[in-house]
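Undergrad: 3D, please:
(chains A, B and C)
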Amino acid sequence: MQPDLLDPVHSAHALQQLRTLSPLVHCMTNDVVQTFTANVLLSLGASPAMVIDREEAQQFSAIADALLINVGTLTRERAEAMHAAIESANRAQTPWTLDPVAVGALAFRSGFCQQLLSLRPAAIRGNASEILALAGMPGGGRGVDTTDSALAALPAAQQLAQQTGAVVAVTGEIDYITDGVQTLSISGGDPLMTRVVGTGCALSAVVAACCALPGERRLNIASACRIMKQAGSRAVKQSAGPGSFVPAFLDALAANGKGE
Amino acid sequence: MQPDLLDPVHSAHALQQLRTLSPLVHCMTNDVVQTFTANVLLSLGASPAMVIDREEAQQFSAIADALLINVGTLTRERAEAMHAAIESANRAQTPWTLDPVAVGALAFRSGFCQQLLSLRPAAIRGNASEILALAGMPGGGRGVDTTDSALAALPAAQQLAQQTGAVVAVTGEIDYITDGVQTLSISGGDPLMTRVVGTGCALSAVVAACCALPGERRLNIASACRIMKQAGSRAVKQSAGPGSFVPAFLDALAANGKGE
Amino acid sequence: MQPDLLDPVHSAHALQQLRTLSPLVHCMTNDVVQTFTANVLLSLGASPAMVIDREEAQQFSAIADALLINVGTLTRERAEAMHAAIESANRAQTPWTLDPVAVGALAFRSGFCQQLLSLRPAAIRGNASEILALAGMPGGGRGVDTTDSALAALPAAQQLAQQTGAVVAVTGEIDYITDGVQTLSISGGDPLMTRVVGTGCALSAVVAACCALPGERRLNIASACRIMKQAGSRAVKQSAGPGSFVPAFLDALAANGKGE
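TA: Next up, the predicted model:
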């Protein structure tokens, strides 16, 4: 079955809504990408907030419009705080998004993410290796790199979506977004984006933000993927390498839609 | 009573002194803004150092010229380390500055910051919501955003200054710096600064650095606010958006005064 | 005895090998430099991964091609995780590199780093104050700054190399790389690099990556120093200050060798 393409009207609308509604995104993410994640959300008009203490995270995820759980630099203490935040988010009907960084390669986070699958994530965003590992299929990778193309992990993504009720985005050269029945594909972006730390993690934060928007979740999440790929493509043209890509990318996110 | 304006001679002098004296600023700050805070201080010629272990923080705050306490990503463990560092700073007469990020919205940090008020901060820097919340006045906000103008929080700032002995800076479109009796106002800057994570937190670090300078503290802290607003205004002219603002802002801080 | 110069062929070859072999570098580093460290490694074609939980770090350092231990924001918990990771690295013959940030100034990290010296580091990279302190010689410094020239610490570096079996790089205006018998010197770079947080810490990460390359370790580590100094020199020419230096530096690392 051929995946559908996303009507650009949807991503333009999502972009507009991010700016208008400015969803408050509670980010429990890894140490490496905190600043970039916050700046990506701010560039899009969303409101990031990083709250990590167990009790505070529990309180905050009920107030926030969306919650992001990224296990990149997981510790026992953070796992407990994340668990508490998710339970509180669920009680408050705050949608939460899972980024299963490097799942499969490492035992503790793999077990933790497996546990989380039963807690009704709104969205899961990972690369092919991570989605394969999370679905219990052979694949794996080394750290955050992925050696599988996103298409190879699409069956795993569909299975995960059916199992958890989440919309699953498996991203790479082409992104696939599936609710287990219908699938959308998004192309664009640039390989230079893999030479900059945090582009995937920041995408998960934008996915989380888009889960707070009204309208169909699958289209909103596909819009998040398209917004990031488009800004990436534009930024590459302004860049002399991975260093100048970062400011150009944030500028493109802030300008995005204005030039379309 | 109309706030006074700051004589530009003062901020030019403070800038010169930051470069000459290069105060060692012990930053206990949040996960999101560590790099940017360090780079802001380095650009101005100050020496940042982030030391967080309880015992080491206690030892270091006695050596440092200034201490910054920012509760953005507070945990129980960090709260204990901060408390120890403050007590040690007070014994060594190291001035310490409080940035009460998102106080009011979250219970744990609100209680913690209330406790700290009795420990003789040299300076407190926050946005309107935070200063209102810290003073026990109605206001509040969502996370680090503020919905109140700084002027609305000036009475709260004045009360806090009188209660604690600190110079209080309530910052926003216009910054107000008060010792509870006399108040200075600083205008300038640009709304783009609110689309970049850490500009407020980095300002608090510069306030901390300026607390280490000789001369009148109120004028030194107002100078910190003016230095940051001026660099912001200049950087915006060199920027195509929030991404390119960051390098331009650091360049402007490093060049600041040279072009005046 | 006059230090030798590095044949540029070696650093060009090391650069090529970093891109071809893309060593997986397990970075246990400080809070302030995580993003910059990851981006420096990515720009060079290496694969950074930050894994910090005790059990996960132990598992991961055995899979990784190299391990970096940087004590900049050490805590008790991190010290335990680092110790476990080093022991696992040694069992798996993964080379590990020590960056003894601010050793000498602070008791806890000084004791910890002293302990680590018996665990067979492949490389140690520090500034003059840190290398002097680690070797138990008078020197010291304040935080991460150094007040001694690298040459003054060369005897300390040679002693440390003989004591531990590591190649020791003491870096500053000129870098010295010694195995205790033979010493190489690398000049270049620019003082602007000291106004940007993390250039030294990122160098240690590149040293760690180069420890994973085939060939003579002393030459590979000297190559790491030369690669960073050369990119720094080139980036300064593209920069208007410390802010624009960062993207220019990462671009130069990614382009490095192509323009030679």
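Undergrad: What is the neighbour count of A:Val181?
TA: The tally of other residues near A:Val181 (other Cβ atoms under 10 Å in any protein chain shown) stands at 10. Where you see a C-beta, it was placed from the backbone N, CA and C, and this is true even at glycine.
Undergrad: contacting residues for A:Ala92?
TA: A:61-63 (Cβ atoms under 8 Å, 6 or more residues apart in numbering or on different chains).
Undergrad: Show the model's pLDDT score for it.
TA: You'll see A:Ala92 listed with a pLDDT of 98.
Undergrad: Look up how far A:His26 lies from it.
TA: 11 Å (Cβ to Cβ, to the nearest Å).
Undergrad: got any residues that touch both of those two?
TA: A:Ser61.
Undergrad: which one of the contacts of A:Ala92 is nearest chain C?
TA: A:Ser61 (22.0 Å; Cβ to the nearest Cβ).
Undergrad: wait, does whichever helix or strand the closest one is part of contact chain C?
TA: Assessed by DSSP states H and E, A:Ser61 sits inside helix A:54-63. No: among the residues of helix A:54-63, none lie within reach of chain C under Cβ under 8 Å from any Cβ of the partner chain; the closest is 15.4 Å away.
Undergrad: ok, residues contacting that helix?
TA: By Cβ under 8 Å, 6+ apart, helix A:54-63 touches A:24, A:26, A:28, A:49, A:51, A:67, A:77, A:80-82, A:84-89, A:91-92, A:94, A:96, B:74, B:105-109, B:142-143.
Undergrad: can you do 6 Å?
TA: Helix A:54-63 is contacted from outside by A:26, A:51, A:67, A:80-81, A:84-85, A:88-89, A:92, A:94, B:106, B:108, using Cβ atoms under 6 Å, 6 or more residues apart in numbering or on different chains.
Undergrad: which parts of that helix are buried?
TA: If you call a residue buried by 16 or more other Cβ atoms under 10 Å in any protein chain shown, then helix A:54-63 has these buried ones: A:54, A:56-63.
Undergrad: what's the answer for stretch A:3-16, then?
TA: Quick answer for stretch A:3-16 (16+ other Cβ under 10 Å): A:3, A:6, A:10-15.
Undergrad: Mean confidence (pLDDT) on that stretch, please.
TA: 94.
Undergrad: repeat for stretch A:216-236
TA: Stretch A:216-236 comes out at a mean pLDDT of 98.
Undergrad: What of stretch A:120-138?
TA: 95.
Undergrad: and it with chain C, contact?
TA: No: Stretch A:120-138 lies out of reach of chain C by Cβ under 6 Å from any Cβ of the partner chain, never closer than 12.9 Å.
Undergrad: Quick one: end-to-end distance for that stretch.
TA: 24 Å (Cα to Cα, to the nearest Å).
Undergrad: where's the helix holding A:Ser61 relative to the chain centroid, distance-wise?
TA: 20 Å (Cα atoms, centre = their mean, to the nearest Å).
Undergrad: now stretch A:59-67
TA: 17 Å.
Undergrad: What pLDDT is listed against A:Ser149?
TA: According to the prediction, A:Ser149 has pLDDT 87.
Undergrad: Spell out which residues of the stretch 151-260 of chain A are next to chain C.
TA: Counting by Cβ under 6 Å from any Cβ, the stretch 151-260 of chain A sits next to chain C at A:195, A:197, A:240-244.
Undergrad: which SSE is the nearest residue to A:Asp190 once chain neighbours are set aside in?
TA: Nearest non-adjacent residue to A:Asp190, counting by Cβ to Cβ, 6 or more residues apart in numbering or on different chains: A:Val236, 4.3 Å away. Applying DSSP H and E as the criterion places A:Val236 in helix A:217-237.
Undergrad: Where does the closest residue to chain B within chain A sit: helix, strand or coil?
TA: The nearest approach of chain A to chain B comes at A:Leu250, 2.8 Å away (Cβ to the nearest Cβ). Of the three states, A:Leu250 takes helix under DSSP: H, G, I helix; E, B strand; the rest coil.
Undergrad: if we can go back for a sec, dump the helix holding A:Ser61 to PDB, restricted to CA.
TA: C-alpha atoms of helix A:54-63 as PDB (Å, rounded to 0.1, in the frame of the first residue of the first chain):
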ATOM      1  CA  ARG A  54       9.800  14.300  40.200                       C
ATOM      2  CA  GLU A  55       7.200  16.300  42.100                       C
ATOM      3  CA  GLU A  56       7.500  19.400  39.900                       C
ATOM      4  CA  ALA A  57       7.300  17.400  36.700                       C
ATOM      5  CA  GLN A  58       4.100  15.700  38.000                       C
ATOM      6  CA  GLN A  59       2.600  19.100  38.800                       C
ATOM      7  CA  PHE A  60       3.700  20.700  35.500                       C
ATOM      8  CA  SER A  61       2.700  18.000  33.000                       C
ATOM      9  CA  ALA A  62      -0.900  18.500  34.200                       C
ATOM     10  CA  ILE A  63      -0.600  22.300  33.400                       C
END
